[in-house]
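Participant: Structure for the following, please:
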Amino acid sequence: MIHGGMCELAGTVRCHLPEEVAAARLQLTQYGEEMQRLAEEERRKSEQLQTANRKLREYALELQALVDKERRHAEEIQQACFETVRLLTMASPFRDNETGAHIQRIGEYARVLAL
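Facilitator: The predicted structure is shown next:
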């Protein structure tokens, strides 16, 4: 039933017509648009985070590969140093016995200390 710009629904709910209905619809439309904007913004942020996460994983894999490569190089250098000392120790007896024995002792000391 309508009384002077007001309606009564089922005897309990009252609403003002038509300005308040139009204002409520406008407000709901604005809320809906704001919700869509926020949802789109959240979607973009989520995509950015996924991209950043993917790049970080790629960087981590690349870094691990570089660390492994450097470790292998360090081991190769260490082996080359040991081999150099071993060969010099082997060559030293050809110089003279006293110097050769001294160099062999020093080489053995160096080997023991390196372990």
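Participant: mind pulling up the phi and psi values for Pro18?
Facilitator: phi -90, psi -10 (degrees, to the nearest 10).
Participant: hey, which helix is longest across this structure?
Facilitator: Looking only at the chain and at elements set by DSSP state H, the helix with the highest residue count is helix 19-91.
Participant: What's the first helix or strand after that one?
Facilitator: Using DSSP states H and E, the helix or strand that follows helix 19-91 in sequence is helix 97-114.
Participant: and that following helix, what does it pack onto?
Facilitator: Counting by 3 or more CB pairs under 8 Å, 6 or more residues apart in numbering; DSSP states H and E, the packing neighbours recorded for helix 97-114 are helix 19-91. C-beta coordinates here come from the backbone N, C-alpha and C atoms, glycine included.
Participant: now the angle from the helix it packs on to helix 97-114?
Facilitator: Computed by axes from the mean of the first three to the mean of the last three CA atoms, to 10 degrees, the angle separating helix 19-91 from helix 97-114 equals 160 degrees.
Participant: pLDDT score for Glu20?
Facilitator: Per-residue pLDDT puts Glu20 at 83.
Participant: Give me the neighbour count for it.
Facilitator: As a burial measure, the neighbour count of Glu20 was computed by other CB atoms under 10 Å and equals 12.
Participant: Same question for Val21.
Facilitator: Taking other CB under 10 Å as the definition, Val21 ends up with a neighbour count of 12.
Participant: cool, the one 4 residues further on as well?
Facilitator: Neighbouring residues of Arg25 were enumerated by other CB under 10 Å; the total is 10.
Participant: That one and Gly32, how far apart?
Facilitator: In this view, Arg25 and Gly32 are 10 Å apart by CB to CB, to the nearest Å.
Participant: Ok, His102 next?
Facilitator: His102 sits at a distance of 92 Å from Gly32 (criterion: CB to CB).
Participant: likewise Glu58?
Facilitator: When CB to CB is applied, the distance between Glu58 and Gly32 equals 39 Å.
Participant: try Ala23
Facilitator: To Gly32, Ala23 is 15 Å away according to CB to CB.
Participant: what's the answer for Glu70, then?
Facilitator: Using CB to CB, Glu70 is found at 57 Å from Gly32.
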